[in-house]
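Asks: Test case, fold it:
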Amino acid sequence: MFDEELDEYDVLVVGSGAGGMSAALAASLRGLSVAVVEKADRFGGTSALSGGGIWVPNNLYLNDAGLRDSPEQARAYMQATVGDRVPTSRRDRYLLEGPEMLREFHEQTRWMRWRYVRGYPDYFPEAEGGLAEGRQVEPLVLDAGDLGSLRTEMRPRLIDTKGMVITVSDFHDLVMVGRTWAGRMRAARVMGKAIASKLTRSEYLATGQALVGRLRLALADRSVPFFLSTPLKELIAEDEAGGKRVTGIRCERDGAEITLTARRGVVLAAGGFGRSQEMRERYLPAPTDAAWTISPAEQTGDAIEAGLAIGANVDLMDRVWGQPSALLPVPGGPAMPMILLAERAAPGTLIVNGAGERYANESVPYDVLYDAMYAGNRPDSATIPSWLVFDQRAKDRYMLLGMLPRQKFPQQWLENGFVRRAESLAALATEISVPPEALGRTVSRFNVLAAAGKDEDFHRGDSAYDRYYGDPRLPNPNLAPLEKPPYHAVAIYPCDLSTKGGLAVDDDARVLDDGGRPIEGLYATGNCSASVMGTTYVGPGATLGPAMVFGYTAVKHIASASAPSLS
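Replies: The predicted structure follows:
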């Protein structure tokens, strides 16, 4: 939707992911005129590709579910995990306004509805204030028919789920379909719903698709205009006493430059720079590759560069939302990151470096393993790539690489080398170019630890987070020996969900200049801003939660007396 007649709004939002649409919704609910400007021809950004959950402590959905949480616990947890890398006042603002945002959206719209994902732990549940029960909420499943013609404007999922609707809660049980009755019952329900949808020709959306769909419907109810296929070119800034003030943006549409004026403020929510090889090499640790991200092709750091061009400061630019993944070959196109989440927790699996040695707890939160991959990457023991190694018993028991237990890997994967397979560990070592003797010693040591149920080397299975995707039928849900041939290996790379650093912002999400002063009229949220989570990933949904909350916070400030309208 594009209104050719209007070129002035109270608020302009650049980016149509969860952060941008939350900002637009907050603006509209406050009676401000607002428009969303999106570079891509589809709305949703990285949010549409995500799990869709958000980590917002002490919110109404958690309270209704009976979770024992408190602002004091959440504050203690963020201090223990994020620490002083982010000012206390900014962390506290997030914890204060997150619950407020969810309640306002619940009460003021008919679409924004969530449910507690019971049992998905905080990523450091043993830290002070951490909860083994977790704090994540996920959007309710959405009937795609409610979107009408807007359905074709939504960014699709990376993987076609063949009509199956799988929520975060579903996935936890499904990975144990070969081991537990809960897994089998969940699989039966998912398949039953898929068959019913096919018979009725209906479609339902979960995870990130449900999130961006619900936000889009809430904005459609309020007739908020969207400018798709309209990339940002630059910010319009005026000099004034003490600094600059942003008054609008220049963007491109159908090959022509257009200028849009923001009477009250511009909110940048256009994502990170994961797809810019130049920016990755400028800021991220080496090696790095634009193919190692799940973020959309349009995420090339435009908003960050536009801010830098007018004197904005940046922070955390060397950080990403790390997600170690396999790189799945795609016929006729670049390889696609395949997230390895439950695989790393599955018994009968381990990860080795180029020297054939373990170097970390395989089941840790993904960003912790990402950091370990870079910390340990040396010429004599390369961890980029690393190798996920598993035996046939693990393959028969668990869902690995998206394949059901006992389901054969596609022959194409064996032929193109995505999956390596051999009848002995020595032969597998040759396949993956690691020393056979070293791999043999590593597996022998691991098997002794697994048989005893205690990983004395790296403490795998000690944390409630490790155990979440583990096998509840085993004494240690994350440990089992590798003993049954053939043996398999898959290369792992330090991929990411998106970059994590960006424009430096204050507690109100105002962008700061290189002197630490706010640039009037300019705000940022999501992955084009420096994350409130600092160098840490505190729990599931710690990406989308802050994106939404600080989009909301930005608009609250814009609507306040401290952000007067331009004359």
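Asks: so what's residue 34 bridging to?
Replies: Taking DSSP bridges as the rule, residue 34 bridges to residue 11.
Asks: tell me, how many neighbours does it end up with?
Replies: For residue 34, the count of nearby residues is 27 (other Cβ atoms under 10 Å). C-beta: built from backbone N, CA, C; applies to glycine.
Asks: Retrieve the pLDDT associated with it.
Replies: Predicted confidence (pLDDT) for residue 34: 98.
Asks: That one: what's it in contact with?
Replies: Shown in contact with residue 34 (Cβ atoms under 8 Å, 6 or more residues apart in numbering): 9-13, 23-24, 27-28, 224.
Asks: residue boundaries of the strands in the stretch 401-550 of the chain?
Replies: For the stretch 401-550 of the chain, the strands defined by DSSP state E, counting those that start in this stretch cover 420-422, 487-492, 496-499, 502-503, 510-512, 518-524.
Asks: what residues does the shortest one touch?
Replies: In this structure, residues lying in contact with strand 502-503 by Cβ under 8 Å, 6+ apart are 268, 272, 303-304, 307, 312-317, 511-512, 524, 527-530.
Asks: Mind checking which of those residues are in helices?
Replies: If you go by DSSP state H, these have 303-304, 307 in helices.
Asks: By neighbours, which of those residues wins?
Replies: Neighbour max across those (other Cβ under 10 Å) = residue 303, 32 neighbours.
Asks: so how far is residue 314 from that one?
Replies: 11 Å (Cβ to Cβ, to the nearest Å).
Asks: same question, residue 173
Replies: 41 Å.
Asks: Is it correct that residue 490 is in contact with residue 388?
Replies: Yes. Applying Cβ atoms under 8 Å, one finds residue 490 in contact with residue 388, separated by 4.8 Å.
Asks: Looking only at neighbour counts, state which of these two leads.
Replies: residue 490 (28 against 24).
Asks: That one: what's it in contact with?
Replies: 326, 340, 387-388, 401, 418-420.
Asks: Also residue 462?
Replies: residue 455 are the contacts of residue 462 under Cβ under 8 Å, 6+ apart.
Asks: Quick check: phi and psi at it.
Replies: Per-residue torsions, residue 462: phi -80, psi -30 (degrees, to the nearest 10).
Asks: what's the domain layout of the chain?
Replies: Segmentation of the chain into domains, based on automatic domain parsing, reads 1-163+203-321+498-567, 325-494.
Asks: Point out where this protein drops to low pLDDT.
Replies: 1-5, 561-567 (pLDDT under 70).
Asks: Counting residues, what is the longest strand that it contains?
Replies: In the chain, with assignment by DSSP state E, the single longest strand is strand 256-268.
Asks: Quick check: buried residues in the next helix or strand after that one?
Replies: Of the helices and strands lying after strand 256-268 in sequence (DSSP states H and E), the nearest is helix 277-283. Neighbour counts over helix 277-283 (16 or more other Cβ atoms under 10 Å) mark 279-280, 283 as buried.
Asks: Same question for stretch 48-68.
Replies: 48-62, 67.
Asks: Using CSV, list the CA coordinates for it.
Replies: Extracted C-alpha coordinates of stretch 48-68, given in CSV (Å, rounded to 0.1, in the frame of the first residue of the first chain):
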residue,chain,number,x,y,z
ALA,A,48,9.4,-13.5,9.5
LEU,A,49,12.1,-16.2,9.4
SER,A,50,12.5,-16.5,13.2
GLY,A,51,11.0,-18.6,15.9
GLY,A,52,8.7,-15.7,16.7
GLY,A,53,9.1,-15.9,20.5
ILE,A,54,10.0,-13.0,22.7
TRP,A,55,11.8,-12.9,26.1
VAL,A,56,10.0,-10.4,28.2
PRO,A,57,10.1,-11.2,31.9
ASN,A,58,7.1,-10.7,34.2
ASN,A,59,4.5,-10.1,31.5
LEU,A,60,0.7,-10.8,31.7
TYR,A,61,0.9,-14.1,29.8
LEU,A,62,3.6,-15.5,32.2
ASN,A,63,1.6,-14.3,35.2
ASP,A,64,-1.6,-15.9,33.9
ALA,A,65,0.3,-19.2,33.4
GLY,A,66,1.3,-19.1,37.1
LEU,A,67,5.0,-18.6,36.5
ARG,A,68,6.9,-17.4,39.5
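Asks: Number of residues surrounding residue 200?
Replies: Neighbour tally, residue 200, other Cβ under 10 Å: 8.
Asks: no, scratch that, I was asking about residue 476
Replies: 21.
Asks: Please identify which helix or strand holds residue 32.
Replies: Using DSSP H and E, residue 32 maps to neither a helix nor a strand.
Asks: that older thread, any of the contacts of residue 490 buried? List them.
Replies: 326, 340, 387-388, 401, 418-420.
Asks: ok, of those residues, which one's closest to residue 140?
Replies: residue 340 (27.9 Å; Cβ to Cβ).
Asks: In contact with that closest one, which residues?
Replies: 324-326, 388, 490, 492.
Asks: how near is it to residue 380?
Replies: Residue 340 is 25 Å from residue 380, by Cβ to Cβ.
Asks: Same check on residue 217?
Replies: 55 Å.
Asks: Compare these two and say which is more crowded by neighbours.
Replies: Applying other Cβ under 10 Å to residue 217 and residue 380 shows that residue 217 carries more neighbours, namely 18 against 7.
Asks: What is the neighbour count of residue 42?
Replies: Neighbour tally, residue 42, other Cβ under 10 Å: 18.
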